[in-house]
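Colleague: following is a predicted model, sequence given first.
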Amino acid sequence: MIEVSHLTKKYGKLCANDDVSLSVGAGEIGILLGPNGAGKSTLIKCICGLLRFQGTVTIAGFENHSVQAKRLLGYVPEFPALYPMLTVSEHLEFIARAYRLEGWEAYAEELLRRFELDDKRNKLGKELSKGMQQKVSVCCALLPRPAAVILDEPLVGLDPHGIRELKSIIAELRAQGCALLISTHMIESVEENWDVTYIMQKARIARTVRRADLEGGQTLEDAYFEVTEGKGSDGESEAKE
Amino acid sequence: MRALVYLVTRTLKNTILQTLRKPARLVVVILTVAFLVGLILIATVVQEQPEVTLELHWLKAILFAFIVFLGGISLKTGITSGSAIFSMSDVNLLFVSPVSPRRILIYGIVSMMKAAFYSGLFILFQSSTFKSVFGLGFDAVVFTLLGYMLALVMTQLLSLLLYIFTNSRPARKRLIGIIAAVICLPLVIVLLTNFVATGDYRQAVAAATASPAFSWFPVAGWASEFAIALISGEYGTMALYLAVSAAFCAAVVVLINISNVDYYEDVLIASQTAFERQRALKEGNIQSATDTSAKKVRVKKTGLTGAGASALFYKHIREAFRKNRLGLWGVGSIVYVAVAVILAFIMRRSDSPLILILLQGLMWAQMFLIGMGSGLKELYMHYIYLIPESSLSKIIWNSLETVFMVLVEAAVIFAAAGLISHAPVLDLTGACLAYVLYNFLLLGINYSSLRWSGGVMNAGLSIVLYIVIVAVSLLPGIIAAIIIASALPPQLTGLGYFILAAWELIAGLAFFALSNGILHKCDMSTMQQVER
């Protein structure tokens, strides 16, 4: 569903993503792990079509800038960006209208209820706490019922209820055949529910781990530290210049 | 104290090193300095002493008005949210350290003076204007800057004191409002009585600036008198107003200390607000960063209309009406229109072509104001990039709000200017059309420059390039308009505006065509440094 092939992103001389390839199939959860500065957020923005890059990215076979790909894609940014003068309800209505959704109201209600936002529907974006803004941001991304969802540090700022609900929604989306790519530093939060993990270091994918690859009680955390702090690694994660 | 000295010197050293290490920043600094030196040379060596110059009291009045305007904003902010003289790193590291709060306050004041110097740097670029309008040299520019800095330091300290005095006390806030009105009253009375007596605003301003009501107007009056006394070499007067200002600063610092030695809590909210705004900018959330209003918004009407890309336009309309009752035409529009109409009124009897000068001024201002519309801000949010519609339709619907706003502003400004100056309808219609289509051209240039720079360009360089591109794009239209208008009989010269408007439409369409695919082919606009 999400196919990234030989993606390179440079800012002048600084190479933020160097020949990155990955794929997340329908009904799969892909995890993007890596130390600070490894290039995860840049990669996610490239996949969502927010940054220019060399290489190809397709969503269900459609080039990521095409209207068809955009219709299939949901994106939860690292930092929630809401419109200060729109209410919570209006954020959802804006997405529904912009995406020309039909019969969206019931699903919007469900999302608001699950994230405990139903009593905040008339609150303006600027009146919400950062955690609340993150919840609205998740609701906006999920409202069009996308076939592929990209989440950049989605659990940061959420309260325990929000974390539980989002993890539950992620599991449901996976069961429904949705492809999910999640970037996170909180390994333990995704340990129980993942299919493929891409460990990034120094702007490249240093290792691809499938659940079946882990041997003898090895955890995802073990695999991560093996790559980032193992032999031959200097432990630093500067991008290539 | 050694820690604070270390902090100031190390910060300065790192700023210089950072500039030296970043070629683009260094180029901007060198270009700025070269530009400044060039202006000074032109003003001192090349530019001849003008035959007719404005009297010095006009400079005093302009400086006074400027200080009152900026100081008023600063004091209003001070009363509502405190004065942001400390950064969040000061709060987190210094406030908890075993350094005396009084010494930290002195450090805050020194930092504030540094900020005051930077914010007043634009005055240094006015050397050419000082020479051509007032016949003054570069020394007068520096003295004016000193007066401005003096006023800014006094204002910042006063705003901190007012915050401490009025924090969570609505009655005291009202009292401050009444005191401010009482302070302004004598000067307003002097100005009005002189205007009524003479019927000439120039004489009224001259009389007002010479009155004690002006000279002893707190902060703005003292600072203006200080600067003008320096310029005219009246060192006794200069020393008097400097002493008054210094005594005022000392008194405010003492009052801050007496009223509340533990002032940390009082500056915390302002520091946090400033920090949050900077963080929002770094995170690319320009909408939150620029929404500085602390005013409680009452949500009455809710809901949106439109479908697909048009949802963007209707969203802008909803946001605009929520920000203020007049929707797209808020306080900014009213001030803009009012300034234009006042200028038209002042110039009504001069021999200069009023409509042409008005159009020039509006076009110059709009070059920088165009970026304040919701349309260009929308490019800093991810939503517009992800909406599954064509890039062109999203850009068109995204710009419509600015077009509507400008259309109404132009109609009001030129209708008022027409009533004041009795200019021909042909001129007014043509100028109005040229102004509206100029905005269309500016939008096209903004979008296509984003498209072709990929959204990654040094801010300083992009402004210089932007001004050059706008000037070059307009030039063929201006030349054609002048040639054709000069060949026409006097009653038809207004057709020149239509020629300019036609060119703006053509050039605007070309720039919009060049920006095709902008939402696919440029990096999402961001205020943050290159990130990974």
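Modeller: It's in.
Colleague: how about the strands in chain A?
Modeller: Remark: strands assigned in chain A by DSSP state E are A:2-11, A:14-24, A:29-33, A:54-59, A:62-63, A:73-76, A:148-152, A:179-183, A:196-201, A:204-210.
Colleague: can I get those strands in TSV with mean pLDDT, distance to B:Val253 and mean neighbour count?
Modeller: Heads up, the C-betas are built off the backbone N, CA and C, glycines and all. Output for those, formatted as TSV (pLDDT from 0 to 100; distance: least, Cβ to Cβ, whole Å; neighbours: other Cβ atoms under 10 Å in any protein chain shown):
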stretch	mean pLDDT	distance to B:Val253	mean neighbour count
strand A:2-11	92	46	18
strand A:14-24	92	46	20
strand A:29-33	93	53	24
strand A:54-59	93	58	17
strand A:62-63	92	63	14
strand A:73-76	94	49	24
strand A:148-152	94	47	25
strand A:179-183	94	50	26
strand A:196-201	92	53	23
strand A:204-210	91	56	18
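Colleague: okay, those strands in JSON lines with distance to chain B next?
Modeller: Formatted as JSON lines, the strands of chain A follow (distance: least, Cβ to the nearest Cβ, whole Å):
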{"stretch": "strand A:2-11", "distance to chain B": "4"}
{"stretch": "strand A:14-24", "distance to chain B": "4"}
{"stretch": "strand A:29-33", "distance to chain B": "13"}
{"stretch": "strand A:54-59", "distance to chain B": "11"}
{"stretch": "strand A:62-63", "distance to chain B": "9"}
{"stretch": "strand A:73-76", "distance to chain B": "6"}
{"stretch": "strand A:148-152", "distance to chain B": "10"}
{"stretch": "strand A:179-183", "distance to chain B": "12"}
{"stretch": "strand A:196-201", "distance to chain B": "10"}
{"stretch": "strand A:204-210", "distance to chain B": "12"}
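Colleague: and A:Glu105, which of the ones you listed is closest to it?
Modeller: In terms of Cβ to Cβ, the element of the strands of chain A nearest to A:Glu105 is strand A:73-76, at 18.2 Å.
Colleague: now do that closest one: which elements does it pack against?
Modeller: helix A:130-142, strand A:148-152 (3 or more Cβ pairs under 8 Å, 6 or more residues apart in numbering or on different chains; DSSP states H and E).
Colleague: pick the most buried one from those.
Modeller: strand A:148-152 (a mean of 25; mean count of other Cβ atoms under 10 Å in any protein chain shown).
Colleague: what packs against that strand?
Modeller: By 3+ Cβ pairs under 8 Å, 6+ apart, strand A:148-152 packs against helix A:40-47, strand A:73-76, helix A:130-142, strand A:179-183.
Colleague: so what strands line up beside it?
Modeller: Under the criterion DSSP bridges, strand A:148-152 sits next to strand A:73-76 (parallel), strand A:179-183 (parallel) in its sheet.
Colleague: what's the closest of the helices and strands packed on strand A:73-76 to B:Trp222?
Modeller: So among these, helix A:130-142 is nearest, using Cβ to Cβ, at 44.0 Å.
Colleague: quick revisit: so which of the strands of chain A is nearest B:Ile482?
Modeller: Of the strands of chain A, nearest to B:Ile482 by Cβ to Cβ is strand A:2-11, at 44.7 Å.
Colleague: okay, angle between the closest one and strand A:29-33 too, please.
Modeller: 20 degrees (axes from the mean of the first three to the mean of the last three Cα atoms, to 10 degrees).
Colleague: how far is strand A:2-11 from where the chain is centred?
Modeller: 16 Å (Cα atoms, centre = their mean, to the nearest Å).
Colleague: if we can go back for a sec, of the strands of chain A, which is nearest B:Trp364?
Modeller: Comparing the strands of chain A by Cβ to Cβ, strand A:2-11 comes nearest, at 33.9 Å.
Colleague: report the angle between that closest one and strand A:14-24.
Modeller: Going by the same axes, to 10 degrees, strand A:2-11 makes 180 degrees with strand A:14-24.
Colleague: dump strand A:2-11 to CSV, restricted to CA.
Modeller: Extracted in CSV, the C-alpha atoms of strand A:2-11 (Å, rounded to 0.1, in the frame of the first residue of the first chain):
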residue,chain,number,x,y,z
ILE,A,2,2.8,2.5,1.0
GLU,A,3,5.8,2.0,-1.3
VAL,A,4,8.9,4.2,-0.9
SER,A,5,11.6,3.5,-3.4
HIS,A,6,15.1,5.0,-3.4
LEU,A,7,14.0,8.2,-1.7
THR,A,8,16.7,10.9,-1.1
LYS,A,9,16.1,14.2,0.4
LYS,A,10,18.8,16.9,0.6
TYR,A,11,18.8,20.3,2.2
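Colleague: what are the pairing partners of it, and which direction each?
Modeller: Strand A:2-11 has these strand partners (DSSP bridges): strand A:14-24 (antiparallel), strand A:54-59 (antiparallel).
Colleague: middle-most residue in chain A, spatially?
Modeller: By Cα atoms, centre = their mean, chain A has its centre lying nearest to A:Leu151, at 1.6 Å.
Colleague: right, and it touches A:Leu181 too?
Modeller: Yes. Assessed by Cβ atoms under 8 Å, A:Leu151 is found in contact with A:Leu181 at 7.3 Å.
Colleague: run through who's touching stretch A:201-219.
Modeller: A:15-22, A:34-35, A:38-39, A:191, A:194-200, A:220, A:222-223, A:227-228, A:233, A:237-240, B:532 (Cβ atoms under 8 Å, 6 or more residues apart in numbering or on different chains).
Colleague: where does the stretch 251-400 of chain B have low pLDDT?
Modeller: Residues of the stretch 251-400 of chain B meeting the criterion pLDDT under 70: B:260-263, B:265-266, B:269-270, B:277-295, B:347-352, B:371-374.
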